[in-house]
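Q: A predicted structure for the sequence below; I have some questions about it.
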Amino acid sequence: MNRKNILAIAAVAMLAVACDYQKNNTIKQKDLRAGDEYVYGVHPDSAARQTKNKYTAKPENEVRAAKIREKLYGPAAEITQGN
């Protein structure tokens, strides 16, 4: 009975410690871009200005992406068959 109590207490202690796991493993740094609308937007809930940029699609990038996708996952016919 004593061993079960010790194991139960140890388990509760481990769960309590796990809640704050790596809480102290952070680096406090000054944010160099604090308040920058380009990075953070005009309001904390708004999108950043840099995400509103629209870029023209380049067909050579699509071909390159398809080659990389085929190299990683194999031919497209195998993927489209499903389960």
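A: Alright, I've got the coordinates.

Q: quick check: mean pLDDT across the longest helix anywhere in the chain?
A: Ordering each helix of the chain by length in residues (DSSP state H) puts helix 2-19 first. Helix 2-19 carries an average pLDDT of 82.

Q: after it, next one along is what?
A: Under the assignment DSSP states H and E, the closest C-terminal helix or strand after helix 2-19 is helix 37-40.

Q: neighbouring contacts of that next one?
A: 33-34, 48-50 (CB atoms under 8 Å, 6 or more residues apart in numbering). (Each C-beta comes from the backbone N, C-alpha and C, glycine too.)

Q: again, only using 7 Å
A: 33, 48-50 (CB atoms under 7 Å, 6 or more residues apart in numbering).

Q: would TSV of those residues with secondary structure be doable?
A: Listed next are the contacts of helix 37-40 as TSV, based on DSSP: H, G, I helix; E, B strand; the rest coil:
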residue	secondary structure
33	coil
48	coil
49	helix
50	helix
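
Q: export those to JSON lines and tack on distance to residue 27, neighbour count and pLDDT?
A: Converted to JSON lines, those look like this (distance: CB to CB, whole Å; neighbours: other CB atoms under 10 Å; pLDDT from 0 to 100):
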{"residue": "33", "distance to residue 27": "16", "neighbour count": "9", "pLDDT": "84"}
{"residue": "48", "distance to residue 27": "23", "neighbour count": "14", "pLDDT": "71"}
{"residue": "49", "distance to residue 27": "27", "neighbour count": "14", "pLDDT": "72"}
{"residue": "50", "distance to residue 27": "24", "neighbour count": "12", "pLDDT": "70"}
